[in-house]
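> sequence below, structure please.
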Amino acid sequence: MEKDIRLLYNDACAQVIDIILPIQVHEFNVPITAADQPDLQDLESNYHQGGGGFWGAFVDGELVGTIALINTGHAAGAIRKMFVKKEFRGKELGLAQALLETLMEYSQKNGIRDLYLGTVPQLKAALRFYERNGFAQIAVEHLPPYFPRMAVDTLFYHLEMK
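This is a model prediction of the structure:
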């Protein structure tokens, strides 16, 4: 089985939506549509141009996972769109870990010291994953004013990278 993490651009938007939306809606019952996520229609403007990125995890050439970074300025970034198809999750393949490590390496090389993310309580395994990777839950009022909040998010995490 061949694994690969690489940057994604606008030619992958349809594939990205095909992975993310079913996980959000069918698996975790998050009330969200593709129209609610216009960033997914233009990865380059929303992620790459500001100094962030959008990465995909591939197994045998199939896109099976995503992670994105918005460079918010202030030596900080917001993690978005961290999803892995159900049948490709877990420590065996380690795709979520590889995606996060790719984003963290990119962040460090590009002067980003603080990472923030928002999520929802339904994603229990994701919450444990972030905590295992050193993220600490923070109250919404402790988010920096430049953090781009998503309406559906109710839990927030922060990681200060050394």
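> top helix in this protein by residue count?
Among all segments of the chain classified by DSSP state H, the helix with the greatest residue count is helix 95-109.
> pLDDT (mean, whole number) over it?
Confidence over helix 95-109, taken as the mean pLDDT, stands at 98.
> show residues contacting it.
Applying C-beta atoms under 8 Å, 6 or more residues apart in numbering, the external contacts of helix 95-109 come out as 3, 5, 53, 55, 57, 59, 64-67, 69, 77, 79, 82, 84, 88-89, 91, 113, 115, 129, 133, 161. Where C-beta positions appear, they are placed from N, C-alpha and C, glycine not excepted.
> what element comes up after that helix heading to the C-terminus?
From helix 95-109 onward toward the C-terminus, using DSSP states H and E, the following helix or strand is strand 114-119.
> give me the buried entries from the contacts of helix 95-109.
Among these, those that count as buried by neighbour count (16 or more other C-beta atoms under 10 Å) are 5, 53, 55, 57, 59, 64-67, 69, 77, 79, 82, 84, 88-89, 115, 129.
> ok so, going back, in the longest helix of the chain, what's buried?
Using 16+ other C-beta under 10 Å as the burial criterion, the residues of helix 95-109 that qualify are 95-96, 98-100, 102-104, 106-107.
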